[in-house]
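K.L.:
A structural model of the following input is requested.
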Amino acid sequence: MRSDQAQRGIIIPSWKFRGYTVGEKVRFWRGKLRTGISAVWDSMMKVDLPSAVPELRIPVYFFHGVHDYTCAFPLAERYFASIRAPQKEFFRFEESAHCPMFEEPAKMCSILRRIVAREDH
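P.N.:
Numbers count the residues shown, from 1 in each chain. The predicted model follows:
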């Protein structure tokens, strides 16, 4: 995600959101700056997801940017192939990294509309 997309898509909206106080917003962003990627990164890296969660009893949808270096695309594809679910789909975003909802919003909205329309019976 480019910095201008992050500003427009995440940072500015979080400051404009009225559901949290200014103090809560300050603490949130201070915490994000202190923890880096995630406060639980070391714990997450020890989990073998295919072994820990081989099956879900709900529909599973992966939305993944090809250029994502936070969550490696090949690993996501392998996990997706291994997981059992009543319905599953993997959506590949060719022009995206970690945030396809901001990097390719029209494609994301189109996919979400199709999924909702299909599930709305």
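K.L.:
looking at Asp120 now. What's its pLDDT?
P.N.:
pLDDT for Asp120: 63.
K.L.:
just give the nearest non-adjacent residue to Thr70, would you?
P.N.:
His98 (4.6 Å; CB to CB, 6 or more residues apart in numbering). In this view, the C-beta of every residue, glycine as well, is placed from N, C-alpha and C.
K.L.:
walk me through the domains of this protein.
P.N.:
Residue ranges for each domain of the chain read 1-40, 47-121, as given by automatic domain parsing.
K.L.:
most tightly packed of those?
P.N.:
domain 47-121 (a mean of 13; mean count of other CB atoms under 10 Å).
K.L.:
now do the helices in the protein.
P.N.:
Per DSSP state H, the chain carries helices over the ranges 3-6, 12-16, 22-35, 41-45, 49-52, 73-82, 100-103, 105-119.
K.L.:
what are the buried residues along the fourth one?
P.N.:
Looking back up the chat, that one is helix 41-45. Within helix 41-45, no residue is scored as buried using 16 or more other CB atoms under 10 Å.
K.L.:
what about dumping the CA coordinates of that helix to CSV?
P.N.:
Extracted C-alpha coordinates of helix 41-45, given in CSV (Å, rounded to 0.1, in the frame of the first residue of the first chain):
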residue,chain,number,x,y,z
TRP,A,41,4.0,-11.6,16.0
ASP,A,42,6.3,-14.1,17.8
SER,A,43,3.3,-16.2,18.9
MET,A,44,1.7,-16.1,15.4
MET,A,45,4.9,-17.3,13.8
